[in-house]
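K.L.:
Here is the input, now give the coordinates:
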Amino acid sequence: MLLSDLGLVLNLQHIAHPCPAPLGGIRNMHILDVNGVFKIKVRFCGCSVSSGTAASDTYVQLIRARLFPATAKIPQTAFTFRALTL
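P.N.:
Modelled structure (predicted):
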């Protein structure tokens, strides 16, 4: 069973709650870590309340969450910083 099947959603930029103005819907992403590949659901922040980051900078939101996106435009895969240090 996947964490996303249990309802886990990674809310970026907002620690304890979802963004009041999310960017698009929930996106399925593949995260590569040292112990495997994980499919998770991610909700990107659509406001600049938390950090002053433009809503379109999804790659910046991922990097701040210690996830390095495979692409800068519409990332669907990311690597944990822990995996990058190997």
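K.L.:
pLDDT (mean, whole number) over the helix ranked longest in the chain?
P.N.:
Looking across the chain with DSSP state H, the single longest helix is helix 58-64. When pLDDT is averaged over helix 58-64, the result is 91.
K.L.:
Toward the C-terminus, what is the element adjacent to it?
P.N.:
strand 67-69 (DSSP states H and E).
K.L.:
Return the set of residues that bridge with the closest residue to Thr58 other than its chain neighbours.
P.N.:
Closest residue to Thr58 apart from its sequence neighbours, by C-beta to C-beta, 6 or more residues apart in numbering: Phe44 at 5.1 Å. All C-beta atoms are positioned from the backbone trio N, CA, C, and that covers glycine. Listed beta-bridge partners, Phe44: Leu23 (assigned using DSSP bridges).
K.L.:
isn't Phe44 right up against Ile26?
P.N.:
No - under the criterion of C-beta atoms under 8 Å, Phe44 is not in contact with Ile26, lying 9.1 Å apart.
K.L.:
So the two - more neighbours on which side?
P.N.:
Neighbour comparison, Phe44 and Ile26: the larger count goes to Phe44, with 22 against 16 (by other C-beta atoms under 10 Å).
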